[in-house]
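1. Next come a sequence and a model predicted from it.
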Amino acid sequence: ILGAGAGENIRQLRVINKELDITAIDINPEVFEIACKFFDVEKSKNIHLIVFDAMEFLIQTKDIYDCIIVDVYKGDSIPYNCLTKEFFELIYTHLSSEGMLFMNTNFTGKFEKFEKRDNVLWDLQSTIYAAGFQSMYRNDINNMGIHYAFKQKIAKISENKSNEKKNKVTNIFFENFPLN
């Protein structure tokens, strides 16, 4: 997880699988203090909390992951260096052959790099594809603005099947993480 989001992503993953090996990177040590205090995140043999810059971590690590979650923000913007082809190429090199990028774009905020441009979504998707990803999907359920990018080509799901699956995933998500 790049950008620990006060531990919410860690907590969500732990609900799915308590034995999951999770590495969370955040540049701000206070994020981990909040995660431990308010979101029941504790260091354990399979949770690794690392205070480090996301880009620098990707440059230095040799580890390969099945999934990389990107949830990095500086204020209400995604930092410029986390929107570049180089950033997504680094992610690509650290994913397993069937790896997946999960990116929170939360379009309620602004993109630092693209704030004066009209085609933010197109620019982001073009950059991710240029980094080597073969398939991409966007989830706008409840205006969440989540992108999924895959190293491999993924067969297109028909619209009916897609909506069926989205509704099922959304229902499971909100049963475990109600908004109120």
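-> Done, it's in. Residues are numbered from 1 along each chain as shown.
2. what about the helices in this protein?
-> Secondary structure of the chain, counting by DSSP state H: helices at 8-16, 29-38, 54-60, 85-93, 120-130, 159-176.
3. Can you tell me which of these is nearest to N46?
-> Across the helices of the chain, the minimum distance to N46, taken as Cβ to Cβ, is reached by helix 8-16, at 9.4 Å. C-betas here are computed from N, CA, C, even on glycine.
4. Tell me what angle the closest one forms with helix 29-38.
-> Here helix 8-16 runs at an angle of 40 degrees relative to helix 29-38 (axes from the mean of the first three to the mean of the last three Cα atoms, to 10 degrees).
5. Give me the average confidence score over stretch 18-37.
-> Regarding stretch 18-37, the rounded mean pLDDT is 90.
6. make that stretch 60-68, sorry
-> 96.
7. End to end on that stretch, go ahead and measure it.
-> Stretch 60-68 has an end-to-end distance of 16 Å (criterion: Cα to Cα, to the nearest Å).
8. Distance from the chain centre to it, please.
-> Using Cα atoms, centre = their mean, to the nearest Å, the distance from the centre of stretch 60-68 to the centre of the chain it belongs to is 13 Å.
9. now the chain, which segments are flagged as low pLDDT?
-> Judged against pLDDT under 70, the low-scoring parts of the chain cover residues 43, 107-119, 140-144, 155-180.
10. related to what we said a few turns ago, which stretch among the helices of the chain comes nearest I68?
-> Closest to I68 of these is helix 85-93 (Cβ to Cβ; 5.3 Å).
11. buried set for that closest one?
-> Buried residues in helix 85-93, counted by 16 or more other Cβ atoms under 10 Å: 87-92.
12. quick one: it to helix 120-130, angle?
-> 50 degrees.
13. From the contact counts, what lies against helix 85-93?
-> Packing partners of helix 85-93 (3 or more Cβ pairs under 8 Å, 6 or more residues apart in numbering; DSSP states H and E): helix 54-60, strand 95-104, helix 120-130.
14. would JSON lines of the ones you listed with mean neighbour count and distance to Y80 be doable?
-> Compiled in JSON lines, these are given as follows (neighbours: other Cβ atoms under 10 Å; distance: least, Cβ to Cβ, whole Å):
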{"stretch": "helix 54-60", "mean neighbour count": "16", "distance to Y80": "10"}
{"stretch": "strand 95-104", "mean neighbour count": "17", "distance to Y80": "15"}
{"stretch": "helix 120-130", "mean neighbour count": "16", "distance to Y80": "12"}
